[in-house]
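> can you look at this prediction? I've put the sequence above it.
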Amino acid sequence: MAKTFLKKLVRRCLRQELQKVIKQTDCDLIVDIGCGNGEIWSGLLDKRIIKIFGVDDSARITSLTNGTNVYDHLFMADASQLPFPNNHFDISVISLLLHAVDRTKRGLILKEARRVTRPGGFIFIFDFAFPATQNLIGKLFKCFFECEERLIGEVNPNHYQNYLDFLRDDGLAKFLKSKNYYKKSCFFKNFDVIIIQV
């Protein structure tokens, strides 16, 4: 029960930040890279003038997502080899994916997101943050999220190892070489929102 409530709060935080970017952009096409079940889009877009493409490499998840009618188009593909032409999307969204993959793949996914995003468009990233300081509430939430990642690691050891590497790399710090980005901490400094203008 508490776990579901906490996930809803995190999703709400993610949606609020994503909605700000969508409102500031003359946006027609969005790609959700590593889309999972598509729950971040539920109730986010009032008018369906924006087309959303979902990409995930799990047949089970994409079949579940396909039934929700969240996406206009859905593709089963690896996030590091997107099946789209260059400069195709206004916004590329990568939420809670990069901590789950190894360093090499992390770089490839970001490179692909750049490739498929049009010049002047945006890459929106939402993932774990590893701040030097946090208040007590933030630390308690951080403990919960670390336990959750450890539990996932019992089923998928690579996932947990990638999470630990992500932590050691200070999240996405080593990949943000361009100065053309905005970074904001949210949810008691447990998550970073990073927006890169292409």
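Structure's in. What do you need?

> show me where the protein has helices.
Along the chain, counting by DSSP state H, helices occupy 2-24, 59-66, 103-116, 136-155, 157-168.

> what's the most buried one of those helices?
helix 103-116 (a mean of 18; mean count of other C-beta atoms under 10 Å). C-beta: built from backbone N, CA, C; applies to glycine.

> tell me which other helices or strands it touches.
With contacts taken as 3 or more C-beta pairs under 8 Å, 6 or more residues apart in numbering; DSSP states H and E, helix 103-116 sits against strand 29-33, strand 89-95, strand 117-128.

> residues in contact with the first one?
Contacts made with strand 29-33 from outside it, assessed by C-beta atoms under 8 Å, 6 or more residues apart in numbering, are listed as 22, 38, 40-41, 50-55, 71, 79, 82, 84, 88-95, 97, 109, 112-113, 116.

> what pairs with Glu194 across the strands?
If you look again at residue 194, you'll see it is Ile, not Glu. Ile125, Lys183 (DSSP bridges).

> output the lowest mean pLDDT helix or strand found in the chain.
helix 59-66 (a mean of 70; mean pLDDT, DSSP states H and E).

> follow-up on the earlier one: for the helices of the chain, which has the smallest mean pLDDT value?
Lowest mean pLDDT of the helices of the chain: helix 59-66, a mean of 70.

> tell me the buried residues within the contacts of strand 29-33.
Burial by neighbour count, 16 or more other C-beta atoms under 10 Å: within the contacts of strand 29-33 this picks out 22, 38, 40-41, 50, 52-55, 71, 79, 82, 84, 88-95, 97, 109, 112-113, 116.

> contact partners for the residue lying closest to Leu108 once chain neighbours are set aside?
Among residues not flanking Leu108 along the chain, Ser80 sits closest, at 3.8 Å (C-beta to C-beta, 6 or more residues apart in numbering). Applying C-beta under 8 Å, 6+ apart to Ser80 gives the contacts 105, 108-109, 112.

> could the residues you listed go into CSV alongside distance to Arg60?
Formatted as CSV, the contacts of Ser80 follow (distance: C-beta to C-beta, whole Å):
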residue, distance to Arg60
Lys105, 20
Leu108, 23
Ile109, 20
Glu112, 23
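
> can you tell me which of those lies nearest to Thr4?
Within the contacts of Ser80, proximity to Thr4 (C-beta to C-beta) peaks at Ile109, which comes in at 27.9 Å.

> so how far is Gln16 from that closest one?
Distance check for Ile109 against Gln16: by C-beta to C-beta, to the nearest Å, it reads 24 Å.
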